[in-house]
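> Okay, structure incoming, though there's no sequence with it:
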């Protein structure tokens, strides 16, 4: 920010009023000028869930803070609902839409039930094409492998396109600790990197930020004008700042949307062309691949590419669909296949189909809870409906509350291009977490009390019969926290003069 | 046990023992339109690309000659149009950083999406398609397929080390959904329908 | 047809009119309706919070109460969904399976089984916003969900269209969840309330005088939200309109 006292006529102060004239640190207000800024200051960005070690993430608390920032919440909700609407429009334009979904689901389920075979085929083809293939059990091993490859090539700087897998592995933080400079080239990811904040959505990482938030981040890190929040200005500033880093980078990294076993190819979908820059400018290209990304053949690619961008963004295809099958002349290519809990999840009877996920984000866009909470409220790499069902596999205790951040409305399941039964898995996780004793004791005790009451008609009737008492008692065992939470922003139901039971007794009493 | 063996063993132990046959994928091309070129033009325009109709008679490259002349550094990989940066002489991708305009020929196009396929053979040096500020693509209308199902039957995906569908220019809407052209890659992409020798690949 | 009437707890306690309307409506169509006096609950509140084992006694009681009927009808989609699609804390005997498969929500029972041609006693000359609860919409498949590519259909609309004078208005987001979600309404109170405010504002913005639904839990939540922010919109259960309730 410009606070150069030698340039007192220029605007830009640390006090946030871009229009005022300051001299000697004092705001000038002579000649009818206002003594304080009348233009409202931009709404501060609500930050994500508070992370306290491995303690359960309180998503509700973070969601409440997001809603308390109405400009952010309104923009976030409208933006993502618009993506959902655009997705619907694309869907209506494709007669075979539901058939494509069924095919995508079928292809993925077949591949996952034969995953070892397809991985071996993929590896063999890739190696035949001159690619070096590595296998990583977990996040740490992934980071070590990538670091080793970089070290072997004397690489100190890395440019990369978006990869949720590398987020999952905490790769950027690891690389920072070993002195490798990593630059995100996806605009949303770059904003988040510069703000030292995780991405909030798998496709649009900075969707929770207003342009004024981005202006502040760029002003602090790229030296842009803090008062200029014009989106074109911000995007162009980032392009200009990132380009030299791309040109000078020692190595490039991409993620992987689809890995084709038949050809040993990795397919990456971007709108910016940043995967193509990351892979084709430096000599060294590393691709991080989650083992669940496998699909058998090229013909299957058509199904997924047709579904991916339509589901994610309501666009028929991404601006760039890149197919990497071998290194360029004078270049070198490495694939890192990563497990990190996927093979374990494959063995979970109720949850293995979550591995079908192609990371389109459609479930997030449609989820009414996600749109009003922001992805950062989940406190995990993966948020929204898909996050709810896969995060507990990473850490059941830390993410034990997430499956309750849902109304089980089922919209997510309906938009999922690979037909994951997301809302049913959310329900199944609730059971699983109760079984594992990952639910608060108070809740468990109240539920047991409620169950006791509901199993005994006389006791139940006694609780309900007295109408005034019903208003007090009934909510307690239906919503056993008492009326406090209900009544915070809602009126309570009006107590009627009689219950249905007493009406029936009075009017139809003779009948059994 | 190596990580590879450990992962494969875990998969073999855990994979669900369920019948999940691989479904057959139809081509969904029964309703292909009579003019693939018209459909391609509409799709490309929707995605922010420019389709440069050839003039009624005469020079099919007329729509771009002025742009080419005005540009400072032009890198052409096609015989139809000369530039002033010889890609054959370029040693490394970094030497293409100052290219204003690149001219390439696509292997084929896809009408459904408005995409053109650029392979490493088309680009000569892959980075040229991404470092140039603007991209002009020559596309032979005879090398248009209807949809992606047809596209993935082509040989480029089995033979080339690198092949990329370009669908309009580089774009993003990461900030409040505002559309930006030229996010990291080219600021504009224009397609000229001009017949010529394709770089390879059998039509479906 | 011998019908066992299941009246969920919150209807029993807060919205007895819905239960009465349901009973009368079924009788109008010639059903012999019995209300087993020992009924309590279907187990859904515990099950939806993951406490499935704790449901066993409640579910067993439900089966004991509702064995021997041709149909079990309830004016609550979420309860019926639980009975038909979850309800597995107890051993699945033939008796249990019979009760489960015969349990219907009121709208689907009328639409699929009774198939009424008219509601001559019903008149509702008002602008109405139809709210399909997510349970009835996406699990019981009352109507086409906006996310799916399939032909339009709507059982509640089919029934309500037969009511004289009724006029439908459509909100901008016809099938976005209203935010009740059971215990969600308490444990995610901020999001739940925001969703409720958005829902009722959407209907009000479309010009609805009434919001009608086959799920009282949603109505209870929306009514609470509307009253708090001072929206004059009113709430009514589909059974009440079909049974001839006036404004």
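Here it is on my side, so go on. All values reported here derive from a predicted model rather than from experimental measurement.
> so who does residue 101 touch?
No chain was given, so I picked chain A. A:307, A:416-419 (CB atoms under 8 Å, 6 or more residues apart in numbering or on different chains). Just so you know, the C-beta spots here come from the backbone N, C-alpha and C atoms, and that holds for glycine as well.
> I was thinking of chain B, sorry if that wasn't clear
Contacts of residue B:101 (CB under 8 Å, 6+ apart): B:67-68, B:71, B:73-75, B:83, B:132-136.
> quick check, nearest of these to chain C?
residue B:135 (35.2 Å; CB to the nearest CB).
> Mind telling me what element the closest one is part of?
Using DSSP states H and E, residue B:135 sits in strand B:134-139.
> Would you mind identifying the next helix or strand past that strand?
strand B:144-145.
> hey, which helix or strand in chain B has the poorest pLDDT?
The weakest-scoring helix or strand in chain B, judged by mean pLDDT, DSSP states H and E, is helix B:62-70 (a mean of 92).
> Let me know the distance separating residue A:229 from residue A:71.
13 Å (CB to CB, to the nearest Å).
> Name the residue in those two with the higher neighbour count.
Comparing residue A:229 with residue A:71 by other CB atoms under 10 Å in any protein chain shown, the one with more neighbours is residue A:229, at 21 against 14.
> which residues in the chain form strands?
Using chain A. A:22-23, A:26-27, A:132-136, A:157-160, A:181-184, A:251-254, A:258-260, A:265-270, A:284-290, A:294-295, A:320-324, A:332-338 (DSSP state E).
> Switch to chain B, please.
Using DSSP E, strands in chain B cover B:50-51, B:74-76, B:101-105, B:108-110, B:115-119, B:134-139, B:144-145, B:162-166, B:171-172, B:180-181, B:188-193.
> With mean pLDDT and distance to residue C:6 added, can I get those in JSON lines?
Output for the strands of chain B, formatted as JSON lines (pLDDT from 0 to 100; distance: least, CB to CB, whole Å):
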{"stretch": "strand B:50-51", "mean pLDDT": "97", "distance to residue C:6": "63"}
{"stretch": "strand B:74-76", "mean pLDDT": "97", "distance to residue C:6": "75"}
{"stretch": "strand B:101-105", "mean pLDDT": "98", "distance to residue C:6": "69"}
{"stretch": "strand B:108-110", "mean pLDDT": "98", "distance to residue C:6": "56"}
{"stretch": "strand B:115-119", "mean pLDDT": "98", "distance to residue C:6": "56"}
{"stretch": "strand B:134-139", "mean pLDDT": "98", "distance to residue C:6": "66"}
{"stretch": "strand B:144-145", "mean pLDDT": "98", "distance to residue C:6": "58"}
{"stretch": "strand B:162-166", "mean pLDDT": "98", "distance to residue C:6": "56"}
{"stretch": "strand B:171-172", "mean pLDDT": "97", "distance to residue C:6": "54"}
{"stretch": "strand B:180-181", "mean pLDDT": "96", "distance to residue C:6": "57"}
{"stretch": "strand B:188-193", "mean pLDDT": "97", "distance to residue C:6": "63"}
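> between the least confident helix or strand of chain B and strand B:188-193, how big is the angle?
140 degrees (axes from the mean of the first three to the mean of the last three CA atoms, to 10 degrees).
> Would you indicate which residues of helix B:62-70 are buried?
Under the neighbour-count criterion of 16 or more other CB atoms under 10 Å in any protein chain shown, helix B:62-70 has B:63-64, B:67-68 buried.
> can you tell me how far the residue of chain B found nearest chain C sits from residue A:101?
At 14.1 Å from chain C, residue B:28 is the closest residue in chain B, using CB to the nearest CB. Applying CB to CB, the value for residue B:28 to residue A:101 is 13 Å.
> Residue C:223 now?
37 Å.
> Tell me how chain C divides into domains.
C:2-114, C:127-242 (automatic domain parsing).
> so can I have TSV of these showing mean neighbour count?
Listed next are the domains of chain C as TSV, based on neighbours: other CB atoms under 10 Å in any protein chain shown:
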stretch	mean neighbour count
domain C:2-114	21
domain C:127-242	21
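> for the ones you listed, which one sits closest to residue A:316?
Between residue A:316 and the domains of chain C, the tightest spacing by CB to CB is seen for domain C:127-242, at 15.6 Å.
> ok, is the closest one in contact with chain B or not?
No. Using CB under 8 Å from any CB of the partner chain, domain C:127-242 never reaches chain B; the gap is at least 14.1 Å.
> Please work out the average pLDDT along that domain.
What domain C:127-242 shows for mean pLDDT is 96.
> and residue B:196, what does it touch?
B:78, B:80, B:105, B:138, B:140.
> For the closest residue to the third one other than its chain neighbours, list each beta-bridge partner.
Spatial nearest neighbour of residue B:105, chain neighbours left out: residue B:138 (4.3 Å); criterion: CB to CB, 6 or more residues apart in numbering or on different chains. When bridges are assigned using DSSP bridges, the partners listed for residue B:138 are residue B:105, residue B:192.
> Residue B:75 now?
residue B:102.
> separation between it and residue B:61?
Counting by CB to CB - residue B:75 and residue B:61 are separated by 16 Å.
> I figured residue A:199 hits residue A:208, correct?
No. Residue A:199 lies out of contact with residue A:208 (CB atoms under 8 Å); the separation is 9.5 Å.
> These two - which one has more neighbours?
residue A:208 (29 against 25).
> Contact partners for the more buried one?
Neighbouring residues of residue A:208 by CB under 8 Å, 6+ apart: A:45, A:66, A:72, A:76, A:200-201, A:374-376.
> Same question for residue C:31.
C:1-3, C:114.
> same thing but at 7 Å, please
C:1, C:3 (CB atoms under 7 Å, 6 or more residues apart in numbering or on different chains).
> Return the set of buried residues in stretch A:393-405.
Applying 16+ other CB under 10 Å to stretch A:393-405 flags A:393-394, A:398-405 as buried.
> quick revisit: closest to chain A among the contacts of residue B:196?
residue B:105 (17.7 Å).
> Residue ranges in chain B under the pLDDT threshold?
Residues of chain B that meet the criterion pLDDT under 70 lie in B:197-204.
> ok, now with 90
B:1, B:54-60, B:196-204 (pLDDT under 90).
> can you give me the helices in chain C?
Using DSSP state H, the helices of chain C run over C:9-14, C:16-28, C:44-48, C:56-66, C:77-85, C:94-101, C:106-108, C:134, C:155-160, C:184-187, C:189-205, C:216-229, C:238-242.
> circling back to that earlier point, relative to residue A:240, which of the contacts of residue B:101 is nearest.
The closest of these, once distances to residue A:240 are taken by CB to CB, is residue B:133, at 12.1 Å.
> How many neighbouring residues does the closest residue to that closest one other than its chain neighbours have?
What sits nearest to residue B:133 in space, not counting adjacent residues and going by CB to CB, 6+ apart, is residue B:100, at 5.1 Å. Neighbour count for residue B:100, taken as other CB under 10 Å: 17.
> per-residue pLDDT, residue 21?
In the absence of a named chain, chain A is used. At residue A:21, pLDDT is 85.
> To clarify, I was referring to chain C.
For residue C:21, the model assigns a pLDDT of 97.
> so what's it up against?
C:237, C:239-240, C:243, C:245.
> my guess is residue A:367 meets residue A:384, correct?
Yes. Between residue A:367 and residue A:384 there is a contact at 5.3 Å, judged by CB atoms under 7 Å.
> Show me whatever sits in contact with both of those two.
Counting by CB under 7 Å, 6+ apart, nothing touches both residue A:367 and residue A:384.
> rewinding a little: in terms of secondary structure, what does the least confident helix or strand of chain B contact?
strand B:188-193 (3 or more CB pairs under 7 Å, 6 or more residues apart in numbering or on different chains; DSSP states H and E).
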